[in-house]
Every structure is written in structure tokens, then in C-alpha cells.
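J.: give me a model of this one.
(2 chains)
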Number of protein chains: 2
Amino acid sequence: MSSQQFLDSWQGHRALTRRVIDAFPEDKLFTYTIGGMRPFSALAMEFIGMAVPTLNGVITGKWEQFTEAKATTKAELLQKWDDGTAEINALWPKIPAARFQEVDTAFGQWKMPIYDLLLYVRDNEIHHRGQGYVYLRSLGIEPPPFWERA
Amino acid sequence: MSSQQFLDSWQGHRALTRRVIDAFPEDKLFTYTIGGMRPFSALAMEFIGMAVPTLNGVITGKWEQFTEAKATTKAELLQKWDDGTAEINALWPKIPAARFQEVDTAFGQWKMPIYDLLLYVRDNEIHHRGQGYVYLRSLGIEPPPFWERA
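T.: Predicted coordinates:
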């Protein structure tokens, strides 16, 4: 899988996550939970807070703190999501090809190859988005199809 | 990402899915649902039914039907899981390196590059396993940590 193919796959998943955010009623997005887990807005803000800081660390080798994104309305959250999408597209080509196989200690804590770190960020989103599907179904809302990624 | 790295990542996720299966009480594994979704046993059987038939198609270019795995106890399900793990490890080295970038119509239905098809099978498992985490939490059971993959 090439670097561009990884980016396309990730952004395809991110487009789906955006539709899942948008499928929530405004209030449920910020309040609805099952089993003591976080509401879906908090999960979406975690994804936003991981993506660009991770790419900055990958590119520079300097690891800033995770920034927790903050949003209090769906419109604000979707705007931050779209800002992240554009930033990811702008940053991605700056990753040198050889960098993907290098081992680094991300955020001073996680020592792993860069490709594996990027997979982690991507997989974490798929994992928690699956949680969002259960929230939506239990609210009687049909989630967007998992296989549509454009 | 190399072919071996993809396999290691997938099997790491599969090891985690096995722990999620095992975390369910016997009866809840086959009966517990939220929002009209399938019980986790049905999801696990879907993963088993996709993995080896997909690899056979990737290797031979011939696409058999998906086989729905059948199991009525947790022990039987875990045994089929472990059989699948061994089969995947045996089949994977038979995929020619150039095959990953070829486009094929999997199971007569899904036209896509092979690497993308294999990602789909892997991501589908992460997605539905996230659903299993909600089932466990809502049953008051702490799921295995998402970041442990060995």
C-alpha cells in the first residue's frame, strides 16, 4: 500500500465518520451514552485532537501534547472536522517516504514504527465509530452504510 | 507497509477480537443485542466466514461463496477462530507480492484492488468489534484494552 493509498483510505473513513456525526440529533450527539461510555461528540473530538498533532510529530519528530478539540454545537464540531480534513491533506505529502518505517516514541510514550502509529489513529476511529453505530441504532436511527467511503 | 506487516497487524486485531469473544458470558454471546443488531457471536461468525474464503479468492482468483460459520457454544466458536488463525497464517505467504495492487471483482460483486479488499475485511472486524465493546460495557463487563494486540 502506497502513502497516497493510505491517505485515501483514511480520508474515506473520515468522510464516513463525518456522516455518523451528522446523523446524530443535536442533543444526543453531546449527551447520549450507553454503559457509561462517552457521548459520540467526545469521541469525535478525540479523533480531531489526535490526527493533526500526530501528523505534526511524524513530520517534525517533535511531539506536542494532544490537544483536546472543543465544540459545543454540531455545526462547530463539523467545522473543526472539515478543518482537520484540509490540514491532513496539506500535511500528508510532507511525510518523507522513508519515515513510515522509522521507529519513534510518539508523544514521549508510544514507541512504534510510524506506519503502525498512523494505523493506530485510523483504527481507533473505526473502533469508536462502531460504538457510534450502536448509539444510533439504539436511538432508532439508521446509520450511514459502512461500505460507503466517498 | 509490507505484506508481513499487514498480516501481523491483522492477526494482532484478531487476537484482540478473540479476547472480546471470550469476555462474553456464554449465554450473552449468543443472545445479547442492542438496537436490533446481531449478537456478538453472529458478528464473530461473519468474520470467520469472510477471512479464509477471501484469502482463497485472492490467491486463486476464483471466488467461492461466503461460508457462514456455525457454532453453538463459546468453545466451538473459539475453536473455529483458532482454526481460522492457523489457516490465515498458512495462506498468507501464497499471495504473490504483485497481487496486492491488482483489481479483481471479489465474490463476483466487489470490484476493487486486492489491498483494499483485505483492508475491508480487517476494518469490518474493527468496526463490529467496537459494537461488541458497547455490548460488554452495557453488561457491566470491562472489555480488553483496545491497544493490546498480542
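J.: does residue A:137 touch residue B:34 like I think?
T.: Yes: with contact defined as CB atoms under 8 Å, residue A:137 reaches residue B:34; the gap is 6.9 Å. Glycine gets a C-beta too; all of them are placed from N, C-alpha and C.
J.: against residue A:126, how distant is the nearest residue to residue A:149 once chain neighbours are set aside?
T.: Spatial nearest neighbour of residue A:149, chain neighbours left out: residue A:12 (3.2 Å); criterion: CB to CB, 6 or more residues apart in numbering or on different chains. Look at residue A:12 and residue A:126: by CB to CB, to the nearest Å, they are 11 Å apart.
J.: more crowded one of the two?
T.: A count of neighbours by other CB atoms under 10 Å in any protein chain shown puts residue A:126 above the other of residue A:12 and residue A:126, at 21 against 15.
J.: residue contacts, the more buried one?
T.: Counting by CB atoms under 8 Å, 6 or more residues apart in numbering or on different chains, residue A:126 makes contact with A:13, B:123, B:126, B:127, B:130.
J.: one step back: buried set for whatever helix or strand the residue nearest to residue A:149 lives in?
T.: If you go by DSSP states H and E, residue A:12 is part of helix A:3-23. Within helix A:3-23, the residues that count as buried by 16 or more other CB atoms under 10 Å in any protein chain shown are A:3, A:5-7, A:9-11, A:13-14, A:16-18, A:20-21, A:23.
J.: the residues you listed also near chain B: which ones?
T.: When CB under 8 Å from any CB of the partner chain is applied, the members of the buried residues of helix A:3-23 adjacent to chain B are A:5, A:6, A:9, A:13.
J.: out of everything not next to it in sequence, what's closest to the residue in chain A positioned nearest to chain B?
T.: When scored by CB to the nearest CB, chain A has residue A:130 as its residue closest to chain B, at 2.6 Å. Excluding the flanking residues, the one nearest residue A:130 by CB to CB, 6+ apart is residue B:130, at 2.6 Å.
J.: got it, and residue A:81?
T.: Excluding the flanking residues, the one nearest residue A:81 by CB to CB, 6+ apart is residue A:18, at 5.5 Å.
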